[in-house]
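S.K.: coords below, sequence missing:
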């Protein structure tokens, strides 16, 4: 491994510059104005994989954005690691809140700032560079396959079809994913649970056209006021979601696991200070870490209606809209929750308005085992490079494809993430620490080595 | 008056084309991108007044958009009519809901479609053309002054200062305003009451930056959810406003006046069908006409926060905003209501967020007497041209300057409007009936005649 470390040291600057080039491509999958950029990012990833030493690489079309597939098969008898990542990024707006433009990466105080620097171009590219290191130093101990998609930020809508159609090609012993975070740079952790997601959009219609609020106000239901009433009623005073049946399938986590969670390093004062809030807020009876990991939630991700320009307009609008998402825990099914929401939202609408619920995307929650070879190999790899055993941790985000891989490919995933919660993914000023980028590249080859060794016997 | 009617018949086409030219100027006072257009509209109004025969006309600067002042003094011993109107218009968005572009006027089925066609360029220009008719036919019976402002749609913020500084110049016996509507083309009415207004903007801040809703959702207060809670709590189950003290100053209207209102032609089924709503909604215990005239209300005019672009973004935003207005009735003071709102909104904020309330503009409610010479002259004028006595009616909109004129100039106003509620002012596809435009031009000279005669004797 000394050889690999020397290679890493010698190539750090190039590894960084290659990532910067990739980050300059605004591959925003949610906005079709960027579609050429998303496609360009796929081509670049394919090219880089070829340069790193794969046998073959291909930009595989789907009904949406393509999947970049590549592989290096050294011996069919050896285990196979399937690396998953994504080359698309979240929308960058609000642009005005970025200290530097989101697609002009800059390094400041040891952090690389750009949209996608952490989620997921930076973490995905660690795997490309770790693979290059192993190849150039004759240190690849097993087979590798890469599946890098371009629709993760819009719900991986075509990945299941791709997986089904390429089941044989994707055959592997483990799916390795770096798209999560760890507790801190001196407190490594491995994600063992992810929440599921139901994301939808609601439209509330009152009168058939925008009205003058002076002439009609007070007599005609205002869809914004009604939407606020409806959204407000979705939580009770204990901040529990009021949708009938919402908690029905929720698995109560054992006291043991909750006790273990309570031992994870977490400082509430620091958390609040970091976000500049006086008080946290969430479901009664649960801690902050529990609220963001083992409990389902409902958040409005966007709301709009009426006049939102400068100045004042006395309008009683015809329509109001909201984007709403629910984070789900194991056993809650995304599709079932969508139906419960839709039924409830229609039920609580007053006769003075009409409502529409449009599903966006969803995904299932996942819990990964900690007694598998893959988890043990990942834990040992982090221990080797961080000098500490990583803490197994359930986290709040969703990577719906974890459940899908298990269902379609019959393979479990290991979530070996190197980001931090403070990396501001999905926010302005997203960053990724250079420490984390290089530590990831350093750690990944250990995983390959331990996983191969432990698989053999 | 036959001579005037003949002149009107002979000049109808030109009168219409001149109005169309004025409507082509997008004089949106709320949006500074249109500031040159607002200023251009002022110049055009001044030019048209000069052409119509005033002694002098002037574009008078204010701290905001100018007031166009003009006058024709024929004899200091005769009464003076002060015509008020405005040349600025509401924003035209959402543009995509217009059947034809808002600033490219078109006539369809006897209606002129354009932003400002009714509110207020069309109604204001009736006065310019009625004045021209009287001048060209030696039929002007009294003195006339014109005060046409450019900031009505943003709260007439500089008009009071202008009125105070020009008190002598503006001396008059009545203010004549056409900026309201009547019940129907075969049911003329005169507005005798207008609601006041408090318009403000609220900002709710949660965390100091946009967060990933998966990582923080459920633990950190989401300002959109909180804003919805707060807005929802502003009405109780009877749709009464919950702000403490809100109704304190409200004058209860007498049973007699309510009985009289109940006799005004109004068809609830038709009203609902026209707006395509299944049910009206408003304060318990009051009829639709009462809710929009003698009762105060609270409406959200705009709301925004989080991701409102295409697709999905799992953001827990830092901030959420709303524009909120309250329509006030006589005795409720705009400034006092602003204070009550601000105090209450801060009081109901949870400790997990901070709120800001920014006042936009306001104005006082007004009730005009029906036993004045001015009202009687207006009533007789409408009777002469419609063949029916107009119904006195309180309406829901606000023209805050009515109270200000009384306070500063000591002059009562008469609200001789020719629009219809269905003219969609402040909405897409605003229109003004050609019948109404010409009927206004025909009626105004009668008002001058009767007002002058009644003032003498």
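M.R.: That came in fine, so what should we check first? What you see is a predicted model; the values in this text were computed from it and never measured.

S.K.: burial of residue A:332, as a residue count?
M.R.: Here the number of neighbours of residue A:332 (other CB atoms under 10 Å in any protein chain shown) works out to 24. Where you see a C-beta, it was placed from the backbone N, CA and C, and this is true even at glycine.

S.K.: Kindly report the same for residue A:339.
M.R.: 14.

S.K.: The stretch of helix or strand it belongs to packs against which elements?
M.R.: Using DSSP states H and E, residue A:339 maps to helix A:334-347. Contacts defined by 3 or more CB pairs under 8 Å, 6 or more residues apart in numbering or on different chains; DSSP states H and E place helix A:334-347 against strand A:196-205, strand A:319-328, strand A:354-363.

S.K.: Could you say which of these is packed most deeply?
M.R.: strand A:319-328 (a mean of 26; mean count of other CB atoms under 10 Å in any protein chain shown).

S.K.: so what secondary structure elements neighbour that strand?
M.R.: Against strand A:319-328 (3+ CB pairs under 8 Å, 6+ apart) you get strand A:196-205, helix A:223-232, strand A:297-306, helix A:334-347, helix B:213-216.

S.K.: can you give me the strands for the stretch 51-200 of chain A?
M.R.: Secondary structure of the stretch 51-200 of chain A by DSSP state E, counting those that start in this stretch: the strands cover A:56-60, A:67-72, A:80-86, A:106-108, A:111-113, A:143-149, A:174-177, A:181-182, A:189-194, A:196-205.

S.K.: would you list those in a markdown table and tack on mean pLDDT and distance to chain B?
M.R.: Rendered in a markdown table, the data for these read as follows (pLDDT from 0 to 100; distance: least, CB to the nearest CB, whole Å):
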| stretch | mean pLDDT | distance to chain B |
| --- | --- | --- |
| strand A:56-60 | 98 | 22 |
| strand A:67-72 | 98 | 19 |
| strand A:80-86 | 98 | 14 |
| strand A:106-108 | 97 | 16 |
| strand A:111-113 | 98 | 13 |
| strand A:143-149 | 98 | 16 |
| strand A:174-177 | 97 | 15 |
| strand A:181-182 | 92 | 8 |
| strand A:189-194 | 90 | 8 |
| strand A:196-205 | 96 | 5 |
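
S.K.: Distance to residue B:85 added to these, as TSV?
M.R.: As requested, these are exported to TSV (distance: least, CB to CB, whole Å):
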stretch	distance to residue B:85
strand A:56-60	64
strand A:67-72	64
strand A:80-86	59
strand A:106-108	55
strand A:111-113	54
strand A:143-149	61
strand A:174-177	67
strand A:181-182	62
strand A:189-194	63
strand A:196-205	34
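
S.K.: what's the closest of the ones you listed to residue A:406?
M.R.: Closest to residue A:406 of the strands of the stretch 51-200 of chain A is strand A:174-177 (CB to CB; 8.7 Å).

S.K.: That closest one pairs with which strands, and in what direction?
M.R.: Sheet pairing of strand A:174-177 (DSSP bridges) gives strand A:80-86 (parallel), strand A:413-415 (parallel).

S.K.: Tabulate those (a markdown table), appending mean neighbour count.
M.R.: Below are these laid out as a markdown table (neighbours: other CB atoms under 10 Å in any protein chain shown):
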| stretch | mean neighbour count |
| --- | --- |
| strand A:80-86 | 25 |
| strand A:413-415 | 26 |
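
S.K.: of those strands, which approaches residue A:379 most closely?
M.R.: Nearest to residue A:379, of the strands paired with strand A:174-177 and by CB to CB, is strand A:413-415 at 9.4 Å.

S.K.: Contact residues of the stretch 351-457 of chain A facing chain B?
M.R.: A:351-353, A:360-361, A:395-398, A:421, A:424-429 (CB under 8 Å from any CB of the partner chain).

S.K.: one more time with 6 Å
M.R.: A:351, A:352, A:360, A:396, A:397, A:398, A:421, A:425, A:426, A:427 (CB under 6 Å from any CB of the partner chain).

S.K.: Mind putting the helices and strands packed on helix A:334-347 into JSON lines with distance to residue B:297?
M.R.: Formatted as JSON lines, the helices and strands packed on helix A:334-347 follow (distance: least, CB to CB, whole Å):
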{"stretch": "strand A:196-205", "distance to residue B:297": "19"}
{"stretch": "strand A:319-328", "distance to residue B:297": "17"}
{"stretch": "strand A:354-363", "distance to residue B:297": "22"}
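
S.K.: Which residue is the nearest non-sequential neighbour of the residue sitting furthest away from the middle of chain A?
M.R.: Residue farthest from the centre of chain A, counting by CA atoms, centre = their mean, is residue A:215 at 47.1 Å. In space, and not counting its chain neighbours, residue A:215 is closest to residue B:396: 5.0 Å by CB to CB, 6 or more residues apart in numbering or on different chains.

S.K.: neighbours around the residue in the stretch 1-150 of chain A that chain B sits nearest to, how many?
M.R.: In the stretch 1-150 of chain A, no residue comes nearer to chain B than residue A:30, which is 3.3 Å away by CB to the nearest CB. The local packing of residue A:30 (other CB under 10 Å) involves 21 other residues.

S.K.: Same check on residue A:14?
M.R.: 10.

S.K.: try residue A:265
M.R.: 10.

S.K.: Show me what the closest residue to it other than its chain neighbours bridges to in the sheet.
M.R.: Nearest residue to residue A:265 in three dimensions, chain neighbours excluded: residue A:187, at 5.2 Å (CB to CB, 6+ apart). Taking DSSP bridges as the rule, residue A:187 bridges to residue A:184.

S.K.: what's the spacing between residue A:187 and chain B?
M.R.: From residue A:187 across to chain B, the span is 16 Å (CB to the nearest CB, to the nearest Å).

S.K.: swap in residue A:171?
M.R.: Plainly put, residue A:171 is 30 Å away from chain B if you go by CB to the nearest CB.

S.K.: Count the residues that sit near that residue.
M.R.: 14.

S.K.: which non-adjacent residue is nearest it?
M.R.: Nearest to residue A:171 is residue A:80, by CB to CB, 6+ apart, at 6.8 Å.

S.K.: circling back: ok, for the residue of the stretch 1-150 of chain A closest to chain B, nearest residue in space, not its chain neighbours?
M.R.: Residue A:30's closest residue in space is residue B:311 (CB to CB, 6+ apart), at 3.3 Å.

S.K.: out of the residues of the stretch 351-457 of chain A next to chain B, who's nearest chain B?
M.R.: residue A:397 (3.3 Å).
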